[in-house]
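Participant: got a predicted structure plus its sequence, pasted below:
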Amino acid sequence: MARSRGYKEEHQLCCAKTKAATPSRTFHITFRKTLNPALSAGAMRRPQRRAVAKQSRAKDGDEIRLLEAWIDAGKPLPGTKPPPPSEESSAANARVRARDVVAKAAAGDYSDYGASTRFDELPLSKKTKDALRKAGYKEMSEIQRAALPHALCGHDVLGAAKTGSGKTLAFVIPVIEKLYREKWSQEDGVGCIILSPTNDLAGQIWEVVRKVGKHHNFSGGAIVKRTGIEQEKERINSLNILVCTPGRLVQHFDETPNFDCSNLQILVLDEADQILDKNFKSQVDIILSQIPKARQTLLFSATQTKSVKDLARVSLKNPEYISVHEQASTATPDNLEQCAMIVPLEQKLNMLWSFIKRHLKSKILVFLSSVKQVKFVYEIFKKLRPGIPLKCMHGRMKYEVQQAIVAEFSESTSVLFSTDIFARGLDIGNVDWVVQVDCPESVAMYIHRVGRTARYNKKGKSLIFLCPEEERMLEKLKATESKIPISVRKPKVEQLEQISQNVAAVLVKFPNLQQLGKRAFVTYLKSVYLQGDKEVFDLSRFSAESFAAYASSLGLPVTPKIRFVSHKKNVSKKDMKDIDVKQMKHKAEVIEIKPQVNRDMLADDGPDDDILYPKKPNTDANIYDGLDDILSPKVPDTEPEKIKELAARPLKKKKLKINMHRPVGTRVKYDDEGNAIDPLASLAEEVGPEDVIHKDKILQRYAEMLREMQEDDKEDKAQHKKSLHEKKFEKKMKLKRRRQEETDAVSDDSGSESDRNQNMSSKGKKKYFNNSDDDEGGAAKGGDLLAQQEALALKLLGKMHD
Ligand SMILES: Nc1ncnc2c1ncn2[C@@H]1O[C@H](COP(=O)(O)OP(=O)(O)OP(=O)(O)O)[C@@H](O)[C@H]1O
């Protein structure tokens, strides 16, 4: 294995800020030059530089020998845990003690480091210790005290500790130290892979690696979406530490020529239980098949996997099971105050709004179950302006945008609406509240979500809304084995602000939000339907009325129609690609949800996928009571002709007529971007965003609209009737004239030659003297004219013969 240790470059693939600051060097950050002035290449002449490098290598070699001896001599016995820290020693004493420990080790007197409480008492390189000190890390957390001694001496570790307890340092420090002691260099290629379930978390872990390893000479980076795969391919083989999601790594195994991990020293799985679950299974299997079995493996999570099968897959060798909080009375941080509220589905939005309005000075993280819901609630609340900045984050956003939002959220007091993309691992400072509007998929997910607050000795609060139909989740959270100290609070109905009318008004003003609202409704039901834990998530437990009321609470005038299609279990998604559509239909099993009262709310027919159909408005919906006929005017069944007539009417004509007869002030209006504004939007515009649009006003406006439509319709009919009448009259006249001509022709056939001439002349006469009163005099005049013409003709003939 190559052991050369020249100047190396740090590849930084993810940090947006740094990249922006160094546009000419998008990939390479020579932080060694900038952060370690003693080694600054530009400042030294070549011979001097070589001498310094040689000196430094020698120093490193000595240190490595010392560290290896110390690690070996003072290593903790397998299965041992550190004793509780003694309280008598002050911080000043601790520093002196740490210096003594290092001095003794240098003299060959190696202490047992398994009981250390501070980073500087551990057998770590000076570069790492310096970086830790500068970053403000001095005292070790419980998981760090327990895991670091075992990890440093090369054991496989399966670590579990509460959220926010410092697990990241517990695996980053051993990674850096291992590569340092192995004298790892750029030429040695990939020495460590850290797998994380999301790109954001990978980026965050990479930041910690950078912080701790800033005096070392390793290359590495977070392989995230930001950099194109082509750029990564060029450099990935020269990176020593890769932080990435399993998917991205597999992509490189598939696509990058000569991508080689055969030298891998250490594999880390952060959020190990998630990475080892079925969603990542195929990817993790590929990764495990491509890396050497002789390696160190570290698995960390707040909710650790206990499945022997899972662990067997990663082939741990005599692993140390370190669960520092196993004996603790709670599975969640001690400084976290947790409460739950039973909130009916249709009141969730009102409850969330009321909560936000009462905590305008807090940093609040809100979890919703789908991207559509996050977008919808964010857009609606933004329009209603609660008085605190709002942000939203979900997996469909670009990585850079997500990073920017996380950065903004960590710095300001605001509300962030998020999907579970934010639930695990992300470390945002000072989140005051975590609010779970939608039920988490499991107790473990609950623990991860609430763990975004009360991090590392800080205080935090959490609140979860559970529908009465989901009360089983509350039982699970309260169960002794879950160890979650959660109290149930009754919502204060008098403090609950009802915003359904405002939401409805916003939807009227912004019709695209109506579509989003429908989708939010559908995806919520879908997410409940798809959840595995049927004890908690069971759509059949919800009544049809509660779905209708929920749709109303989202401001939807009509309840979207939905049906679920499930495919037989033995058909995998992959197989389905090969099956033709007809076959698939046979394999599909339509799951019908039969509402008890409003039968057509969840319909059982329609195309294959979930499709939204506008339905009859809710009969019991709060703000739209009595608006059924106005929202979807019905043409009575007794008038089929009328329907036909309306259907046959040319569209263009109809449009013109409506415009012509529309009362003044009700013409179509356009906004600044040239989009037509919905007629009701002007109503929403008239009131301020914080004002309530009252039910009476909406009713009044709908009634006006109906009246206008009826008037237009009347006018239309009258016009149509008139034009039909005119056409009919014209047709009649034409017919009459033709008949007259035919009669005239018949009488001509029966007449003499002179009569015919006379008739012809009368036709000609008709042409010029089209007055029926002159008919008689005209005929007499016509006779004279003929005599004159005959006389003239005879005269001409006579002249010719002469
Ligand atoms: N020894 C330490 N001294 C001071 N702060 C620390 C120490 N260790 C970790 N921290 C800080 O504690 C916070 C939480 O750490 P970290 O993100 O590693 O927690 P975690 O256990 O991985 O949480 P999660 O389970 O949510 O991923 C971070 O802001 C980190 O900087």
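Facilitator: In hand now; what should we look at?
Participant: quick one: low-confidence parts of this structure?
Facilitator: Scanning the chain for pLDDT under 70 picks out 1-47, 87-92, 225-227, 306, 308, 564-710, 712-713, 744-786, 796-802.
Participant: now with 50?
Facilitator: 1-43, 568-640, 642-666, 668-674, 676-677, 679-693, 748-780 (pLDDT under 50).
Participant: and it, which residues reach the ligand?
Facilitator: For the chain, the residues in contact with the ligand (C-beta under 6 Å from any ligand atom) are 137, 139-141, 144, 161, 163-169, 302, 425, 427, 451, 455-456. Heads up, the C-betas are built off the backbone N, CA and C, glycines and all.
Participant: try it again at 8 Å.
Facilitator: Counting by C-beta under 8 Å from any ligand atom, the positions of the chain adjacent to the ligand are 119, 135-141, 143-144, 161-170, 201, 204, 208, 270-271, 300-302, 424-427, 429, 448, 451-452, 455-457.
Participant: let's see the ChimeraX selection covering just the buried ones among those.
Facilitator: ChimeraX command restricting these to the buried ones, with burial defined by 16 or more other C-beta atoms under 10 Å:
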select :119,137,140,141,143,144,161,162,163,164,165,166,167,168,169,170,201,204,208,270,271,300,301,302,424,425,426,427,448,451,452,455
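Participant: what about the residues of the chain next to the ligand, which are in helices?
Facilitator: 143-144, 167-170, 201, 204, 208, 448 (DSSP state H).
Participant: the closest residue to residue 323 other than its chain neighbours bridge partners, please.
Facilitator: With sequence-adjacent residues excluded and distances taken as C-beta to C-beta, 6 or more residues apart in numbering, residue 323 is closest to residue 160, at 4.3 Å. In this entry, residue 160 is beta-bridged to residue 301, residue 323, by DSSP bridges.
Participant: please tell me how far residue 160 sits from residue 272.
Facilitator: 9 Å (C-beta to C-beta, to the nearest Å).
Participant: what do those two both touch?
Facilitator: Common neighbours of residue 160 and residue 272, using C-beta atoms under 8 Å, 6 or more residues apart in numbering, are 300-301, 304.
Participant: quick check, nearest of these to residue 499?
Facilitator: Using C-beta to C-beta, residue 301 comes nearest to residue 499 of these, at 38.5 Å.
Participant: helices of the stretch 101-250 of the chain, start to end?
Facilitator: 126-134, 142-152, 167-181, 199-212, 229-235, 246-255 (DSSP state H, counting those that start in this stretch).
Participant: would you format those as CSV with distance to residue 343 included?
Facilitator: Formatted as CSV, the helices of the stretch 101-250 of the chain follow (distance: least, C-beta to C-beta, whole Å):
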stretch, distance to residue 343
helix 126-134, 45
helix 142-152, 35
helix 167-181, 33
helix 199-212, 29
helix 229-235, 45
helix 246-255, 36
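Participant: quick one: contacts for residue 425?
Facilitator: 196-198, 201, 204-205, 270-271, 448.
Participant: from what I see, residue 430 and residue 458 are in contact.
Facilitator: Yes - the pair formed by residue 430 and residue 458 meets the contact definition of C-beta atoms under 8 Å, at 6.7 Å.
Participant: quick one on the thing from earlier: count of neighbours near the residue nearest to residue 323?
Facilitator: 25 (other C-beta atoms under 10 Å).
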